[in-house]
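*Asks:* let's see this in three dimensions:
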Amino acid sequence: MKILAFTDIHADPASFALIKKKIRQENPELVVCCGDISNFAIDLEFAVKQILSFGKKTLLIPGNHETADEIRQVAEKHPEIIDLHNSFFTFKDVTFYGYGTGGFSQRDVKFEKKIPFLKKKLQGKKWIFVTHAPIYGTKLDDLWMGHCGNKSARKFVEEVNPFLVVCGHFHENEKKQDKIKNSKIVNPGHEGMLLEI
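*Replies:* Residues are numbered from 1 along each chain as shown. Okay, here's the model as predicted:
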């Protein structure tokens, strides 16, 4: 399975054009976005039109520039867009679970309370975690002031072991990759990255 993943595009026309070019060249089966398709939803309508022009089913979570409600409403209007925030999507033998919003806080108690349920739900499955917040203590959250990622997301990864984590938020760490146990972690950046499963 080929996936084209991207994040933090902030309605940039040139970046959307590059994503579309990669989709034409690589013909992925799915597109995955880790949030921040807009600039505080001011240009959300433009961003959605660009995503619809991909001609591919796109899994989307909110970043810190969109609300969960805004992404849910977009998905309700357009069946090609799947709202993955706090929900599951299975394609072939791979299950996706997404958790968006945030990015700045290091703990999310509400999310941590879901971990036991998610562990039961995802156990034994081949699955991918799509999140906006970078995973704490990795190359993807390492800034000049130290590690600034999400510790709750790290706890989840350590306990539930996805084979792939796709995240964003810190533009400084675009295209970086790391690993926790057997979980590969990538920030695909605003130009996108082809991932073969």
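
*Asks:* going forward, measure contacts and count neighbours with C-alpha atoms only.
*Replies:* OK.

*Asks:* tally of neighbours for the spatially closest residue to Gly192 that is not a sequence neighbour?
*Replies:* The spatially closest residue to Gly192, leaving aside those adjacent along the chain, is Phe6, at 4.1 Å (Cα to Cα, 6 or more residues apart in numbering). When neighbours are counted by other Cα atoms under 10 Å, Phe6 registers 29.

*Asks:* Phe6 against Cys33, yeah?
*Replies:* Yes - with contact defined as Cα atoms under 8 Å, Phe6 counts as touching Cys33 (5.1 Å).

*Asks:* how far away from the center of its chain is the lowest-mean-pLDDT helix or strand in the chain?
*Replies:* Scoring the helices and strands of the chain by mean pLDDT, DSSP states H and E places strand 146-147 at the bottom, with a mean of 83. Its chain's C-alpha centre and that of strand 146-147 lie 21 Å apart, by Cα atoms, centre = their mean, to the nearest Å.

*Asks:* who touches that strand?
*Replies:* Contacting residues not belonging to strand 146-147 are listed as 136-138, 141 [Cα atoms under 8 Å, 6 or more residues apart in numbering].

*Asks:* restricting to C-alpha, output the next helix or strand after it in PDB.
*Replies:* Remark: after strand 146-147, the chain's next helix or strand is helix 151-160, criterion DSSP states H and E. The C-alpha coordinates for helix 151-160 follow below in PDB (Å, rounded to 0.1, in the frame of the first residue of the first chain):
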ATOM      1  CA  LYS A 151       4.400  12.900  26.600                       C
ATOM      2  CA  SER A 152       0.800  11.500  26.500                       C
ATOM      3  CA  ALA A 153       1.300  10.500  22.800                       C
ATOM      4  CA  ARG A 154       4.700   8.900  23.700                       C
ATOM      5  CA  LYS A 155       3.000   6.900  26.500                       C
ATOM      6  CA  PHE A 156       0.400   5.700  23.900                       C
ATOM      7  CA  VAL A 157       3.100   4.700  21.400                       C
ATOM      8  CA  GLU A 158       5.100   2.800  24.000                       C
ATOM      9  CA  GLU A 159       2.000   0.900  25.300                       C
ATOM     10  CA  VAL A 160       0.200   0.200  22.000                       C
END
